[in-house]
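Peer 1: Requesting a structural model of the entry that follows:
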Amino acid sequence: MIPDLCHRAARDIAGAHHIVALTGAGISVESGIPPFRGPGGIWEKLDPMEYAHIDAFMRDPGRVWRVLIADMKTLLDQARPNDAHMGLVRLERMGKLKTIITQNVDGLHQAAGSHDVIEFHGNFAWQRCLACGRRISTTDVEMAEMPPRCSCGGILRPECVFFGEMIEPVNLSRSRDAAARCDVMLVVGTSAMVQPAALMPTIARQAGATVIEINFEPTPLTGQVAHYSLLGEAGATFNAILAALEREFQGDRKG
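Peer 2: Numbers count the residues shown, from 1 in each chain. A predicted model of the protein is given here:
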């Protein structure tokens, strides 16, 4: 993380009127939630086609619950928003950030206090009964029986998008619209490898927005779609940008 780039990001944010953030697994790693892809990711240990495909779930929901979803529930019960999540909330309260497009399924943006969150892949924070459609918070699910069931006897499934399922059309259209309307896009903690989410920074740049990447390591966006990249932990990077932004506002007021 380079101080000059933090100052540049602060200046761009200060001059922005409509910021959109695209977030990926990297923003939640500091909250104790491992990524699905990459070194140390969940898919290194589990075959996603065997445990995260809708056909696998419908064929044996108890097995998928035991191996994958139960562990996700444990992580979600313990996870709390980190400084990066809170940094986005601060930008929203300043009137700068309008929308978050997230690939994450942990619900931490909402837990932090963000309001307009487009969950590209749904979430694990809520379960839906396959029989009656009732929704129940994952934290309230009783784990004595596998798979857990609704009070009506129906099987519960997370409101995430499994492999083999379509992204909700409204989430895709809203994401594209948000990307095309923003004047700054913050791309935080995403590998930029998963389509169509990875296309959003390109849409933003083609529409004239400044694309700022915050990630622990370079991605396909680095030096290509992103105007500049701040490499480092998301929480520390947001703290540095916000500190520079506060100095920038103080300087403007004094001037």
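
Peer 1: alpha carbons only for contacts and neighbour counts from here, please
Peer 2: OK.

Peer 1: Could you export the helix or strand R157 falls within as CSV, CA atoms only?
Peer 2: Secondary structure from DSSP states H and E places R157 in strand 156-160. In CSV, the C-alpha atoms belonging to strand 156-160 read as follows (Å, rounded to 0.1, in the frame of the first residue of the first chain):
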residue,chain,number,x,y,z
LEU,A,156,-34.3,-25.7,4.4
ARG,A,157,-31.8,-24.5,1.8
PRO,A,158,-29.6,-21.4,1.8
GLU,A,159,-30.7,-18.4,-0.3
CYS,A,160,-27.5,-18.6,-2.3
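
Peer 1: residues in contact with it?
Peer 2: Contacts to strand 156-160, defined as Cα atoms under 8 Å, 6 or more residues apart in numbering, come from residues 105, 121-130, 138, 147-150.

Peer 1: Which of those are buried, as a ChimeraX select command?
Peer 2: Provided next is the ChimeraX selection string for whichever of the contacts of strand 156-160 are buried by 16 or more other Cα atoms under 10 Å:
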select :105,121,122,123,124,125,126,127,128,129,138,147,148,149,150
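
Peer 1: What is the lowest-pLDDT residue among the contacts of strand 156-160?
Peer 2: Minimum pLDDT across the contacts of strand 156-160 is recorded for A125, with 84.

Peer 1: which secondary structure element contains it?
Peer 2: strand 122-129.

Peer 1: who does the first helix or strand past that strand going along the chain pair up with?
Peer 2: Scanning forward in sequence from strand 122-129 by DSSP H and E, the next helix or strand is strand 135-137. Using DSSP bridges, strand 135-137 pairs in its sheet with strand 122-129 (antiparallel).

Peer 1: The strand holding A125 to strand 156-160, inter-axis angle?
Peer 2: If you take axes from the mean of the first three to the mean of the last three Cα atoms, to 10 degrees, strand 122-129 sits at 150 degrees to strand 156-160.

Peer 1: Alpha carbons of strand 122-129, as PDB, please.
Peer 2: Taking C-alpha atoms only, strand 122-129 is exported to PDB below (Å, rounded to 0.1, in the frame of the first residue of the first chain):
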ATOM      1  CA  GLY A 122     -27.500 -14.600  -2.900                       C
ATOM      2  CA  ASN A 123     -26.500 -15.400   0.700                       C
ATOM      3  CA  PHE A 124     -26.000 -18.000   3.300                       C
ATOM      4  CA  ALA A 125     -27.400 -15.600   6.000                       C
ATOM      5  CA  TRP A 126     -31.000 -16.800   5.300                       C
ATOM      6  CA  GLN A 127     -32.600 -20.100   4.600                       C
ATOM      7  CA  ARG A 128     -35.800 -20.800   2.700                       C
ATOM      8  CA  CYS A 129     -38.100 -23.800   3.100                       C
END
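
Peer 1: Run the chain-centre distance for it.
Peer 2: 15 Å (Cα atoms, centre = their mean, to the nearest Å).

Peer 1: ditto for stretch 82-93
Peer 2: Distance of stretch 82-93 from its chain centroid, counting by Cα atoms, centre = their mean, is 13 Å.

Peer 1: That one: which residues count as buried?
Peer 2: 82-92.

Peer 1: those strands in the stretch 1-150 of the chain, which residues are they?
Peer 2: 19-23, 97-102, 117-119, 122-129, 135-137 (DSSP state E, counting those that start in this stretch).

Peer 1: Cool, thanks, talk later.
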